[in-house]
Structure formats: structure tokens, C-alpha cells
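[1] pasting the structure only:
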């Protein structure tokens with residue numbers, strides 16, 4: 001065990017890897033000017049100067065992307081310490097062999113391979129950026145330990161469950177696998193810029209009341225409903241408020257016609273408010289007094305008007321269902337819609353759009369070290385990000401990735 005957490009050891013860890021063992025240094029396959037629906041030539045053109053390039057496709061080993069830095073810098077896409085999002089969707093190492101990838105490596109070789117690319121991702125990220133590693137349960141627990149080592153335990157953000165096959169893989173030996181893992185780490189947890197939610201996750205029907213200005217709202221208990229927070233653990237958050245359950249008026253100080261209201265749980269044991277007294281005084285107009293029928297009888301309580309205003313987002317759960325982010329089947333449909341077929345394991349566009357929207361803003365740089373069918377490139381381009389994707393299999397670039405980018409609408 002290290003100071004940072006548990007360390008993973010394997011035969012040969014730390015020994016140098018022969019240059020080119022996992023593929024050649026990346027070369028420029030195509031560049032995409034902003035607003036273009038098809039690539040410019042790899043050599044550049046009138047629209048592919050430093051400030052005119054939206055993205056680039058590299059052919060070669062993503063672990064050697066730094067060797068392409070001079071070329072990318074000339075295009076305004078230098079990824080070193082400037083990528084806001086680095087996405088890794090490596091072979092899961094489940095023993096198969098497909099699409100020119102190594103999915104049946106000895107575990108110690110695979111871990112060496114992955115560790116090197118995690119360190120590359122760390123070097124690429126801006127201080128505000130995050131890395132997203134897409135795997136399944138076969139190796140994810142070992143990679144979590146590597147992520148703790150490379151990025152630091154404190155840099156962990158989430159380990160998301162993504163439903164990839166809602167029907168379940170019936171050919172699996174014991175249980176029908178239906179999910180992947182998406183592990184998220186920050187380069188610098190103190191500076192990371194990352195949205196935890198999206199506007200599409202907000203359900204307007206959750207806000208049934210209408211305020212005087214026409215904005216819908218819901219009522220949330222001002223009382224903290226978590227019993228870990230109580231007058232003993234947080235004594236500064238318990239104080240009386242004063243209200244009129246008939247008019248809904250709430251005040252911080254006593255006044256004629258107002259009854260004293262102290263925070264209590266449903267069983268009438270003492271509780272605390274979610275707001276400090278100063279916050280309650282500052283936002284008293286957002287508070288409402290009501291009579292409620294609790295399990296211990298009628299009582300007066302205080303609620304917060306939680307308004308559904310423009311731009312509101314809702315935090316996403318750590319389980320992402322296929323109905324929200326697509327599945328392997330919908331990902332294949334995405335390819336067919338672009339006139340491309342023949343790639344077995346594409347990622348859904350809806351999934352990649354969600355990741356990119358959460359982890360970056362328009363104009364930010366997105367990097368994918370295992371480009372595959374190009375879902376990251378398509379989503380990044382459609383969302384107005386700059387992007388660099390690297391694919392080691394030139395046949396995949398020629399037959400799937402570039403045709404798909406050419407066919408997708410911007």
C-alpha cells in the first residue's frame with residue numbers, strides 16, 4: 001500500500017517497453033475546418049490554418065500522441081496540458097480478437113499498456129480537466145487502483161454505471177452482462193471544471209406551483225431531513241423561525257400574529273434547518289409557512305420555494321440508463337444512419353454528447369486516444385468543441401471513421 005492508496009503490482013511493471021511495440025507514432029490522417037462537413041487534406045488547405053481547425057484525426061498509437069505535438073500545435077490543437085477532456089475506451093481485455101485490436105493480452109502486458117496511457121492522459125489534461133475511462137468489470141477494479149496512483153486518490157470524481165446492453169449478453173457464462181463502467185478523475189480536484197448535471201434531466205412536472213411572476217416552483221422542506229445533522233452535531237443550524245400558515249409569511253424575528261416554528265423530524269424529535277440564520281434572513285422571501293399533517297399529528301413547518309428558472313440543471317445519477325444515453329444497438333444504428341457499418345463496438349452518440357457536455361464547454365479541447373468508430377469526434381464537432389482523436393487501425397480510419405465524419409451533420 002502506498003501513501004496514495006493501494007498499489008497494483010505485476011511482473012515486469014516499470015520495465016521499458018520497446019518503441020513501437022503498440023503501434024507507430026501518430027501521423028495526421030485528416031483535419032476538419034470549423035463548420036465543415038467533410039475533411040480537408042492531411043497536408044492542410046485554405047481553411048485549415050491555425051485558427052480554422054475544429055479537429056484532427058491521427059493514425060497511430062494514442063500512447064505516442066506527444067510525438068504529434070508539433071503538427072497539432074501548428075493547427076492550434078496542441079493537446080499537452082490543454083485538453084479539458086481526455087476519453088479512453090481501450091480494449092476491455094476479455095479475450096477476444098476483433099477490428100485489429102489486442103483484446104487478449106496477458107494481464108500484466110495489458111496493465112502496462114493501460115498505465116502508460118493513463119500517464120499520457122494526465123500529461124495532456126489542463127488543470128481544469130478530467131479523464132474518463134470506459135471499461136467493464138473484467139479489469140476496472142485494477143484500473144481504479146492505477147487511476148488512484150497516477151491521478152491521486154483525492155482526484156476521484158465518480159465511478160458511473162452505464163447500461164450498454166439492456167437485454168443482457170445471454171452468451172455470458174453466469175450472468176447476462178448489461179453494463180459498463182465509466183471512471184472519472186480530475187487532474188486537479190481543486191481546479192476541475194465539471195458539470196454534475198444537465199438541463200434535460202430536469203422534469204418540469206416536478207414543479208407544480210406557479211409563483212407571482214409566472215415561474216413554476218416546488219416546495220422543499222427547509223428542515224434538514226438527514227438525522228446525522230441535528231442540534232448536537234450542528235448546533236448553529238437550529239433556531240426558531242416565525243410564520244403564519246394561513247398567509248404563508250415567514251420571518252426570522254418574532255412579530256404579532258406569527259407562530260414560532262422550530263425544526264423537527266416527523267417523530268417530533270429536534271432537527272436543524274438547511275440554511276443558517278443569516279441565509280434565512282437574506283432569502284426570507286423564498287420561504288413559505290404551511291400546516292402539515294405528519295405521522296405525529298398536525299404541525300406548522302417551513303418550506304423553501306425551489307424555482308424552475310431558465311438554465312436550471314439537475315444532478316445526474318451514477319447509473320446511466322440506455323434510454324438516456326443509448327446502447328450498443330443504438331450505436332450501431334448511428335453508424336448505419338451515417339452510411340457506415342462493420343464496426344462491432346461503437347459507443348452511442350448520446351452517451352458521448354452527455355460526457356462532452358458535462359466535462360467541457362464550446363471551444364474546449366477534447367482528446368480520444370482510442371477513436372474507434374469516431375463517436376467522440378462526431379459528438380465533439382457537433383457540440384462546437386475542438387478535438388483530436390487517435391486510431392491505431394488505418395483500415396478503421398479509412399472505412400469507418402472518416403466516412404462517418406464526412407456524413408454526419410455539423
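    Now that the structure is in, tell me what you want to look at. Model, not experiment: these values are computed from the prediction.
[2] pLDDT on stretch 74-89, on average?
    For stretch 74-89, mean pLDDT rounds to 95.
[3] in the protein, which spans are helices?
    For the chain, the helices defined by DSSP state H cover 69-74, 107-124, 140-151, 277-282, 322-325, 328-337, 349-359, 375-382, 394-396, 402-407.
[4] which of those helices sits most buried?
    Highest mean neighbour count among those (mean count of other Cβ atoms under 10 Å): helix 375-382, with a mean of 26. Heads up, the C-betas are built off the backbone N, CA and C, glycines and all.
[5] tell me the gap between it and the middle of its chain.
    Centroid separation for helix 375-382 versus its chain: 15 Å, with Cα atoms, centre = their mean, to the nearest Å.
[6] elements contacting that helix?
    If you count contacts as 3 or more Cβ pairs under 8 Å, 6 or more residues apart in numbering; DSSP states H and E, helix 375-382 packs onto strand 53-59, helix 349-359, strand 365-368, strand 386-391, helix 402-407.
[7] can I get the helices of the chain in a markdown table with distance to residue 244?
    Below are those laid out as a markdown table (distance: least, Cβ to Cβ, whole Å):
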| stretch | distance to residue 244 |
| --- | --- |
| helix 69-74 | 65 |
| helix 107-124 | 58 |
| helix 140-151 | 53 |
| helix 277-282 | 16 |
| helix 322-325 | 43 |
| helix 328-337 | 53 |
| helix 349-359 | 43 |
| helix 375-382 | 52 |
| helix 394-396 | 69 |
| helix 402-407 | 63 |
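[8] out of the ones you listed, which gets the lowest mean score?
    helix 402-407 (a mean of 85).
[9] let me know which of the helices and strands packed on helix 375-382 is the nearest to residue 155.
    helix 349-359 (14.0 Å; Cβ to Cβ).
[10] distance between that closest one and the chain's centre?
    When C-alpha coordinates are averaged (Cα atoms, centre = their mean), helix 349-359 and its chain have centres 7 Å apart.
[11] now do it against strand 386-391, angle only.
    Counting by axes from the mean of the first three to the mean of the last three Cα atoms, to 10 degrees, helix 349-359 lies at 130 degrees to strand 386-391.
[12] low-scoring stretches of this structure, by residue?
    1-6, 35-51, 94-104, 198-201, 407-410 (pLDDT under 70).
[13] domain parsing for it?
    Listed domain ranges for the chain are 27-199+313-407, 203-307 (source: automatic domain parsing).
[14] which one of those is the most hemmed in?
    Of those, domain 27-199+313-407 is the most buried (mean count of other Cβ under 10 Å), at a mean of 19.
[15] pick out the residue closest to the middle of this structure.
    By Cα atoms, centre = their mean, the mean C-alpha position of the chain lies nearest to residue 355, the distance being 4.4 Å.
[16] of the helices of the chain, which is nearest residue 30?
    Nearest of these to residue 30, taken as Cβ to Cβ: helix 402-407 at 5.9 Å.
[17] residue 350 against residue 325, yeah?
    Yes - using Cβ atoms under 8 Å, residue 350 is in contact with residue 325, at 5.0 Å.
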